[in-house]
Structure formats: C-alpha cells, structure tokens
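**Student:** Got a predicted structure plus its sequence, pasted below:
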Amino acid sequence: MTTYILRRALQALPILFLLSVFLFGVVRLMPGGPLAQAERNPNVSPEQLAALRVRLGLDQPLPIQYVKWIKAFVLEGDWGYSIKFRRPVAEMIWERVPATLILFGAGFIVMLLFAIPIGVYSAIKPYSFFDNLITTFSFAGQSVPVYWMGLVLIVIFYLNVQLFPAGGMYTIGREGEVLDLLWHLVLPITAMSFSWIAWYSRFLRSSMRDTLNEDYIRTARAKGLSARMVHFRHALRNALLPLVTLIALDLPTVFGGAVFIEAIFAWPGMGRLFWDAAKGRDYPILLAVMMIYAALTLLFNLIADIVYGFLDPRIRYD
Amino acid sequence: MKLKVLTLFILLGLMVGACGQVPVASDPAESGGGTVVLVIPEEPAGLNRYLADAAIVYQVSDASVIGLTTPNEKGEYTPRLAAELPTVSEDQRTVTWKLREGLLWSDGEPMTSDDIKFTWEAVSNPNSGAFNQTAGFELIEDIETPDDLTAIVHYSEPYVGYLGQFSAALLPRHATGNPEEMTTWDYNMNPVVGGPFVVTDWRSGESITMERNENYYEEGKPYLDRLVFRIIPEAASQTALMKQGEAHVHLWPGEDKVDYDAIMEGTAAQQLVPGIWNMAIDFNLSRPGDDDPSASEPHPILGDLRVRQAISHAIDYDTLINDVMNGQVQPSTSPFAYGWYQCDVPRLYNFDVEKASQLLTEAGWVEGPDGIRVAEGALYAEDGTRLSLELQGYTAFEPLERTEQFIVENLKAVGIEANIQNYDFSIIFGSFADGAPAKLGDFDMLIYDRGYYLEPHGDVVDSYHSASIPSADNPDGDNSFRWVNPEADAAIEAAGSTFDQAERREAYCELARLIQEDAVQNYIYLFQDGYGFSSNLEGYTVSTWGSMTWDVQNWKYKG
Amino acid sequence: MTDTVLASEPIFSTSTRPESLTELIWRRFRRHRLALLAAILLLLMVTLVLAAPLSRYSPTDQNPRNDFAPPSAEHWFGTDELGRDVFTRILYGGRISLAVGIFSTLFSLAIGIVIGALSGYYGGWIDNILMRITDTFLILPVVFVLILFSALLREMPALAEFRNSVWLVIVAISVFAWMLPARLARGLFLVLREKEFVSASRALGASDARLIFLRILPNSIGPLLVTATLEMAYAIITESGLSYLGFGIQPPTPSWGNILESAQIHVYRAPWLAIFPGLMIFITVMAINFIGDGLRDAFDPYVIHTEK
C-alpha cells in the first residue's frame, strides 16, 4: 500500500514538471507587457518605465526567468511578488483561499445532496415520469452558460423578488456572520451547482444501472436480500466508486466555472484574482494560481485512486 | 430520504431568507452623515499615488490621500494642506510653501514641513520605484525647512508645474519607511493621511472601508461617517446595486446617461463631465511591416494625403456623436480639446461622402466589382491593390467597439474596406520591447482614446515631434504616425520655450491646425466621465481634473 | 466495459430480413422521443443559420437612430445598440458558434483518436509517454489556460493574419479538449485489438494503419459518437464563456457568445439583447445533449438486453 502511494506520487513528479514548463511558456510567451497601464498614464515618464522593467526582472532571457521562478516557487516557497499589487503572491492567494473554499465546499455539498438521491431514484425507475423530468432538467442544467444563468438569477431574485443579494460575501457591517454568508451563497451556489447536479445524477444513474446488471447483484437478489437492500448496499456503493474518480477528474472544470461565478457575483475568490491578473498580465499571480489548481487536481486524483483501492476489494497494489 | 433532504433545504432556504432582507440605502443620520457605498469595477493596487498604475487608484485614494494643492473643477490649483498657493522667487527657481497651522496626520501626529521634505526625498530616490506624478522632483536640489510650517524648495531650473509639485500626496515620514522599500510599505494599503477619510478595512477582491478622519483640517467636514468601496466587476451587478439603492455612487456606469437615468427611475442619475480621454484615429504614414520604422518609405495607401482626407470626410460625426454614442461624448477636433490649452479649431475635413469619393477617385482608387475600390494609377500602391485597411483598437471596451463598427460602415459607403483588429490593452499600450504595433509602425489605422493632464508638454513632444519617431534606438518615442513636419516641430519647440500660458496655447493651436491639415490624426470625440450618483446625495461636484471622490468631504445625505 | 459487448453483440431482429446495425441503432434512437425531437430541432437550427443571407437585413447594417428597439414584426428579436437587427445577427452568430462546435469537436476527436489509438494499439512505452502527456493536460485548469492560450494565439506576431479568425478559437478549444476522447479511444483499442476479427486481419497481412482506421475504428463508432456530442456541447458553451470574459471571438464577427457579452451591459435597458442569444445557446446545446443521450441509449448493450 505505502509503496503504491509512493509510486503514484513519484509518477506525478514528471507531470508537475511538464506542467510548470508548459504553464510558464504560455504565460510568458504572451505578448503585451504588465506595464501597459503605466505606459498610457500621462504622468509616467519613459525613463521611469525603463527603470521599472529592470526592477521587475522583465529584461532577462526567458529560460533564466524560468529557472529562477521554479527554484523559488518549489524550493523556497517564494511565489514572487505581484507586478501590479507589489505584494507577495502567496499572501494574496492566501487571502482568497477562504472565499474559494467556502464556495467550492458548499457547492459540492449541495451538489452531492441533490445528485445522489436523484441519481439513485432515476436508476431504480428508469424512464419513469420523474426520471424523464430529471433528465430534462439535467440537460437544461448542462446547457446553460453559467454566467447567463447568474445574470438571470440576479435579475429575478435580486431585482424583481428582492430575496437574495446580488453579490459579495457579506452585507456591509455584518462581515463574519454565518447566516449572512449562507444567504449570500444561495445564488452563486444555485448557478454553480445546477449543471453539476445534473451531470452527477446522470452519471450515477447510468453507473448504477451498470451495476444493477452485474452478476453479483443478481446473486444478492437470489440470496433473498430485499430489493431495497440490494439497491442501496451494493449498487450505490459500487456506483459511488467511479463517482469519486469522476469528481477528481472534473475538478479543473469546476475551478474554471468558478471564474464566471466569482465574476458575476463579485465573490472574492481565486478565480477572480486570476481573471484580473490575466487582464493585467500579472505573470506571478497567473502562474501561481494555475500551479496551485493543477497541483490540487493531481493530489485529488491521487487520493481518488487510493480511496478507490480502499473501497474496491478487486483492486490490488502490485 | 430524498424528500427529507429537499424539505430540509427548503426550510433552510426560508430561514436564511427570512433573516436578511435586501438592505435599502443606509439610514442617513440627521447631520447628513452615514455610510455611502461606492461601486468600483476593479481593485486599486494600493493607495500610494506615486505608485499608481491605473486611474482606479486615483478614484479611491482621492478620498483619503491628499497633498498641498488640488486642481479644482476649472483646472486651477487651490490650496489643500498648504495655507495658500506658494510664493515664487524672481528667478523662478525658489518656491516657498506654507502649511496650514495645527495640521495633524490621521494618526494624531503633527504634520510639519519636514514631511514635505521627506516626500521629495522618498519620491526622488532612484531606488524607490516611484513612477507616477514624479515630474519635477528630479529638478529639486534641496528643500529647506526653517520652521515647522515653511518649506523652501530650490529648483535647479524653473519648473512650470511647480503648483502641482506636491498635489498628488504628502508622505508622512513617521508612518512610511525607508524610501528604498517604498513598493512594500504598509503605507500603500493603509496610509496615514491628511485627507477626509482613513482606510480601516481592506478586504481583497471585496471592499475597502474608510472612516471619517477626525483630524481632517476642515471644520465639521467630512459630513459623511463612512465610505465603503465595493469591488464589483460585472456591469449588470453594479447597475442592479444602484437601482436597489444598496450603492450610492457608481464609477463609470456602462450605460449611457439617457438609458442609465431611465433605468434608475429617479433612484440615481448619471453626472457627466468632460474627461481627458480623446478619441482619434492615427494614420500610419510609413509602410507597415518593414524593418524601417521611419517614414522614408510611404504607406502604400495612407501615404497619399488625399486618402487620409477622404477617410476623414467619410465619417458621419454628427450621427456618431448624437446617435451612436447617444450624446455621451463631445465633438473634438484636436488633441487640445479641454483645459487651459484648449483650441477650438474647426473641423477641416467634415462629413461629405461626395467629397470623399471624389478625392479617392482623384487619388487613383476606382470602384471594384464588390464596391471596394482598387488602385488604378494610385500614388504609391500598385495597380489592382484593394483599398483595404486595418483598424486597430483595444479589446473589452464597449464604446470603442461601437465606434469602430460605425466607422467601418461609414468607410464601406465610400468604397474603403476597414477590418477591425482589436488587440489586448496591454499590447496597444505596450512598449517597443513588447512589440506594440504603434511603436513598431506595424499598423494602418489605430483608434483609441488618449489624454493629457494639466501639463501636456512632455506628451506633445513625444507624440508629434519628428525626433520622437520610435525605433530601437528611441523606443520611448510616440510619434507612431512617423510624421515629419518642420512647422510642427517649430510650433512644439515654441510652446516649450516659455511659461506664458497664452503664448503656449497659441503654439499648441498652430500644432492642432497642422495635425488637421496633414491629416495625420483624425480627432473624433471627447469622452465625458460618467458617475452615477444616488438622488440621496448632494454637495458633490464632478470635475475633469479630479476623480469621483476628489471633493468627498463636501458630500452629504439630503435631509 | 459496456462498449465491448457491442462488437460481438448478436443482432436481434423483429423482421424476417436481418436488420443491419445502422438500422438497429436508428430504430432504437427513434424510440427516444426527446432525442428525436432534439435532432429535428438541431436540424432546423442548422437550416436557419445556413439561410441567414435570406434575411432582409445584413448583420452589419446600422441604424443608430433606431437603437434598442424592442422585438416587433419589423425586427423579430429587436435591435441592438447600433440599431442592427438582432435576429439577423443571431443567425450569423449561429454560423460561427455552430462552426466552433462542429470543428472543435472534429479536431479534438481527431487528436484524441490518433493519440488514443496509438496508445491502445501499440501499448508499451508509446502508451506510457502519450498517457503521461494526456494526464498532464487533464489536470490543467482548462478555463484558466484557455484564457491565456487564446490570448497567446491571438497576439502572436506569426499568426497575425488569423488574429480575428474563428479558427484561433477553434484551435484553442480543441487543444485542451482531446483528452477524454483519447482515453476512451485507448480503452476501446486495448480491447478491440485482442478481438478475433482483428487478429484474423493481421494474419492476412493487413497493415497497422489499415487495422486501426478500417477495422478497429468503425467498431468504436458508438462510444465515440456519444463523446462527440459531449465535446460539441462543451465547445459551444466554452466559446460563449471565453467571449464573456473578453478572450473569445472578437467583434465585429458575431458569435452567440460575444453578442451575449456585449448585451450584458444593456441587460436592463434592452433585456432581449441578452435573452435571445442566451436562449439560442441553451436550445442548441440542450438539443445536442439530448441527441447524445439518445445515441447512448441506442448503443447501450444493456438496453438491448432489457428490450427483449
């Protein structure tokens, strides 16, 4: 078991290396500099711009910049300074972590709370009225651009019905209150989880139906277990296994979707940090955010593999 | 099981919904105080004016960080922390400032002339990283502080902008740090100030809160208790907050005033003031894409003056300004469209489709099979060349996109094909090293808005003087047209040789006339800055020379 | 694996004439009424956007004095900020959006199938290297990388001629969308290469390329078609998302995404500007998803069992 985990972790290293080269390349080959706003500013002189360029190390060759960056990033834990904010990137990202975690955490809980029961029901009663309804809803969920959905929600629930706030994490003056936070979460989570509930319940439906057709379920039936027990104990458990893997695989997409949610609902998370940084070509932030998301995804995939192994006795480690 | 979960959620939703109602405007206190919420589209990178990389910094810092003087809405410097405008010596090299008596920093420490001296020391330190509003500091040889209120500034040569020298910010010596480490000062996000409000909370990506500065020098001001700047990137969400009265001031609303006011139904209204951003088309006189950045080889199409004139004649300025831009902009014909240097030169090549067609035909461009003209005896273009040009602007700015699309249709009507090629902001305004098309001379027509502040001369030299044509040896030049006109050079030099505003203005007007005549640049309109103000607020004045918060100490709730 | 059964599945038939696989699939697809409806809807949509030039307006003709006109008999979907006919623009935008959907799907499937086929057919170190690359791409935060990559493509001096071209967006989307088809194809090839009909062909001296493309590939068509629908839905949504963030197809070329993007700002003044393009995306992607569902059921061997 330990060797298995170690081996998987070692396999991840070349991937991380490939990734860092790739990301650094994409970020730094992008034409256009981070100093454009300053260039346009009528109060900034050309000499000052040149000095700024040297100061930020933007005048050195790319490979040297890469080596410097990756060495500092991995070995020294130094993610550099934001070009725009002149603050340590690690500190800036750390500030955004709670908002992002809250959004993802709450989002996943809501997603699973809805997706599992819906998926199970649809699998047990395929092509029933409810199943068809859910199918329709689930396709609707996957077919709406997230930001459009967000806009529609704001217009309905903020402008027309005035039930939920349009954005932000807290009402001014109520920072830190849990109820206020939950109330602000409703619309973003709705926009975010709509498509995912659909996706996971559909996935659960089909993987449960696969399981229900497998032999050992038939055996269980033959052994006289009640139908209910069969569905829940065996089928659900086996259907949940691939779900763990799927969620790990979907993480990059979920992270991406959060950019839209965070933009529309003014949520102060990492996705928005990235988007702002992309507009301003703030290289250190862009690299750090992508590296973190990629590393997180890798980690979760590893965990999913291991969990998979734990739960599924048919997989052995050698 | 599923039903239970559902019920639970509905209950939870109801509970949560019941515990909060969408807040309507905060209760204005009797004194006119209370909290004002301002929506801003992006987060400023700190409030240190000398490190300000974008306009958003001004919009927020003006509520807190102030200097010795401030330009008022007429563009005249008025004293702020200074007791009065400074006195100047005969030779114009010594400027004497007096502080107001009894000034305190927001942390209660006394403000003295030594802080003026420190500001100079810090900003002029070559390692400080300061780059914004630093002009003139390098000319200062020394600052004497004979007493706590007096600062005597010695310049190495007369400096025309001395009134604004300390207008951006006064830096407190006791609450900043080593000038060499300016970029990482705590001051940058939590400044000790002399202005009306002090930052008390900065939530990255979310909001910036400022409380009343009890040590502000104006008796009884500011009237308001608290400002909350909310960072809302999405225009539709910003408008929603204003409409619900949850926010009171709206920076740069996306909608035009006519539509904005209609949407707000009286909750708020947009206030317009001429801004400094002046929309124009730049023509490239030199062949694009060659390695030679100079104008020695003319642009195959635009090298011919008649083509540039025809393009200028083809644009329907009135419709563009009144209907496409819905009156949100003002007509403009020169780079000097506002301020003390304003020149109202009449439009030389006005909207005249027939004239445009005639000029093009004269210039050897005849109508082709698909309505787009082709060269037949043109000055520089080979016969058969299609009259097709690129129109380059920057992305993600809706008014510009609207303008470009309208102009493309105008040009099509006279047989010119224009293809919109928008670049990212960071490219268009990038440097020579970044490969910015304007710098490399690799473009046909550029369209974007540019502006001058109170002292335009440095930019004028960079943009129009023949010595400012950008090249590897001269990467900072901005004469992207590759325009060489000795008369223009003379006018620019004349404007730079005197302090007399009337004379300088005269010279600039001559330059404006030449720009029109040679049709190197076609000015179209001047943007007005728009700010949405809640109908509950009063006391504000919008200014070309200040940000939305430049007079925040005067704002009040209506009783 | 569900898909493995397909190749060896005996064909059940209700008629006396033996039914071909295509006929069986079509018959079973038709039974999914929503999918059938979706297919008709999509066909209608394609016809409509192809017929765009029949509109009596041009997508670029402006009438600034008639801006923000609400929907009427004259302008079915109203007019936009320049007084252009929104219906016409949406038809032309649909051409772009559907093209992005179709070509991104083709490209990403092509890349994916080639990589997956090589990987699955040859195995060994080729498989190892290709799958490491696939894994690397799989963990990339897609939207983030797409934002940067599309900006990179657009601003590269070498690609200056294609700056405003739809192909840039198509390439950008495809480059980060081939991984799932690749994995799927690899799985299929791993199984199919062991099948008798493959070894039989090999024994007869068929080349690898012939085996991959003419023998194995046609037998993997079911799962790949289903993946194609997913890819297409993804591409259309992604294009609109990129446009929303300002990194997609640039005006004046209309796409559903950028029509929607420029409408956001006017959502209160002229809600129809945002509603109609949003609806078009919604209907199209939903139709594609339903077709995918219909195909999945039609190719699903278990449904074949239960049907009997």
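**Tutor:** Sure, I can see it.

**Student:** Can you tell me the number of residues neighbouring whichever residue of the stretch 101-250 of chain A sits closest to chain B?
**Tutor:** With Cβ to the nearest Cβ, the shortest gap between the stretch 101-250 of chain A and chain B falls at A:P117, namely 3.4 Å. (Each C-beta comes from the backbone N, C-alpha and C, glycine too.) Applying other Cβ atoms under 10 Å in any protein chain shown, we find 18 residues neighbouring A:P117.

**Student:** Which of the helices or strands spans it?
**Tutor:** helix A:89-124 (DSSP states H and E).

**Student:** Now that helix: average pLDDT?
**Tutor:** Helix A:89-124 shows a mean pLDDT of 89.

**Student:** which strands and helices sit next to it?
**Tutor:** helix A:129-143, helix A:178-212, helix A:237-264, helix A:270-279, helix A:283-311, helix B:2-19 (3 or more Cβ pairs under 8 Å, 6 or more residues apart in numbering or on different chains; DSSP states H and E).

**Student:** helices or strands up against the fourth one?
**Tutor:** Looking back up the chat, that one is helix A:270-279. helix A:89-124, helix A:237-264, helix A:283-311, helix C:142-155.

**Student:** buried stuff in the top helix by length along chain C?
**Tutor:** Selection of the longest helix in chain C by residue count, based on DSSP state H, yields helix C:86-122. Residues of helix C:86-122 classed as buried: C:86-105, C:107-109, C:111-121 (neighbour count, 16 or more other Cβ atoms under 10 Å in any protein chain shown).

**Student:** excluding its backbone neighbours, what's nearest the one residue in the stretch 201-318 of chain A that gets nearest to chain B?
**Tutor:** Nearest residue of the stretch 201-318 of chain A to chain B, counting by Cβ to the nearest Cβ: A:P268, 3.1 Å away. Leaving aside its sequence neighbours, A:P268 sits nearest to B:G205 (Cβ to Cβ, 6 or more residues apart in numbering or on different chains; 3.1 Å).

**Student:** got it, and A:R8?
**Tutor:** That would be A:L302: by Cβ to Cβ, 6+ apart, it lies 5.5 Å from A:R8.

**Student:** That neighbour: neighbouring residues, count only.
**Tutor:** Applying other Cβ under 10 Å, we find 16 residues neighbouring A:L302.

**Student:** cool, and A:V74?
**Tutor:** 13.

**Student:** if I look at it, how far off is A:G80?
**Tutor:** 12 Å (Cβ to Cβ, to the nearest Å).

**Student:** now do C:G78
**Tutor:** With Cβ to Cβ as the criterion, C:G78 and A:G80 are 49 Å apart.

**Student:** if we can go back for a sec, kindly compare burial across the helices and strands packed on helix A:270-279 and name the winner.
**Tutor:** helix C:142-155 (a mean of 24; mean count of other Cβ atoms under 10 Å in any protein chain shown).

**Student:** That one: what's the following helix or strand?
**Tutor:** Downstream of helix C:142-155 (by DSSP H and E), the next one is helix C:166-175.

**Student:** so what does that next one touch, helix or strand wise?
**Tutor:** Using 3+ Cβ pairs under 8 Å, 6+ apart, helix C:166-175 sits against helix C:86-122, helix C:142-155, helix C:221-244.

**Student:** from memory the residue nearest to A:P268 sits against A:R272, does it?
**Tutor:** Yes - using Cβ atoms under 8 Å, B:G205 is in contact with A:R272, at 5.7 Å.

**Student:** neighbour count winner among these two?
**Tutor:** The residue with more neighbours, out of B:G205 and A:R272, is A:R272; 27 against 24, by other Cβ under 10 Å.

**Student:** partners of B:F527 in the sheet?
**Tutor:** Note on B:F527: beta-bridge partners by DSSP bridges are B:V329.

**Student:** Which residues are in contact with it?
**Tutor:** By Cβ atoms under 8 Å, 6 or more residues apart in numbering or on different chains, the residues touching B:F527 are B:275, B:277-279, B:328-329, B:399, B:449.

**Student:** quick one: pLDDT of residue 183?
**Tutor:** I went with chain A, as the question did not name one. Taking A:W183 on its own, its pLDDT is 92.

**Student:** To clarify, I was referring to chain B.
**Tutor:** 84.

**Student:** now do B:D225
**Tutor:** 94.

**Student:** separation between it and B:W555?
**Tutor:** From B:D225 to B:W555 the distance is 11 Å (Cβ to Cβ).

**Student:** Settle it for me: which of the two has more neighbours?
**Tutor:** Set B:D225 next to B:W555 and count neighbours by other Cβ under 10 Å: B:W555 wins out with 24 against 16.

**Student:** Surely that one and B:P222 touch.
**Tutor:** Yes - counting by Cβ under 8 Å, B:W555 touches B:P222, with 7.2 Å between them.

**Student:** what comes up buried for stretch C:156-174?
**Tutor:** C:156, C:163-166, C:168-174.

**Student:** how far does that stretch sit from the chain's center?
**Tutor:** 19 Å (Cα atoms, centre = their mean, to the nearest Å).
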